[in-house]
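K.L.:
heads up, no residue letters with this:
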């Protein structure tokens, strides 16, 4: 069964850090474009960061540039989203997703169930 599972969410104070993890089972992430998305309460889902399967292309939302870093661990078949300098507006459910195509989109082939990040004092 092909599956993505996110972990690492939680409650953090403004200015704090969290690292989200996304583990894949049943398929090798090396061959997929991977994206992190988020959906805040009452808002539409938005793309956060994306890395192509080849690694030759990546993009990150302006709202998180310089604060969030997306990287892969090929040996563990996992991807991570390191989030620093968190702000209350980063509060959302974060999803990882995988697609066989070369670009991230809102209809990715595989989605995790999400992990909740709450930034609050």
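P.N.:
All right, it came through fine. Please read all numbers here as calculations on a predicted model, not as lab measurements.
K.L.:
residues touching the closest residue in space to residue 109 that isn't next to it in sequence, list them.
P.N.:
For residue 109, ignoring the flanking residues on the chain, the nearest one in space by CB to CB, 6 or more residues apart in numbering is residue 99 at 4.8 Å. In this view, the C-beta of every residue, glycine as well, is placed from N, C-alpha and C. Residue 99 makes contacts with 32, 33, 35, 105, 108, 109, 110, as judged by CB atoms under 8 Å, 6 or more residues apart in numbering.
K.L.:
confidence score at the residue nearest to the third one when sequence neighbours are not counted?
P.N.:
So that's residue 35. Closest residue in space to residue 35, ignoring its immediate chain neighbours: residue 104 at 3.8 Å, by CB to CB, 6+ apart. Model confidence at residue 104, expressed as pLDDT, equals 90.
K.L.:
How about residue 96?
P.N.:
Looking at residue 96, the pLDDT reads 97.
K.L.:
quick revisit: just send the contacts of residue 99 back as TSV, with secondary structure, neighbour count and distance to residue 7 too.
P.N.:
Shown next, in TSV, are the contacts of residue 99 (DSSP: H, G, I helix; E, B strand; the rest coil; neighbours: other CB atoms under 10 Å; distance: CB to CB, whole Å):
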residue	secondary structure	neighbour count	distance to residue 7
32	coil	22	19
33	strand	23	21
35	strand	26	17
105	coil	13	24
108	coil	22	19
109	coil	14	21
110	strand	18	16
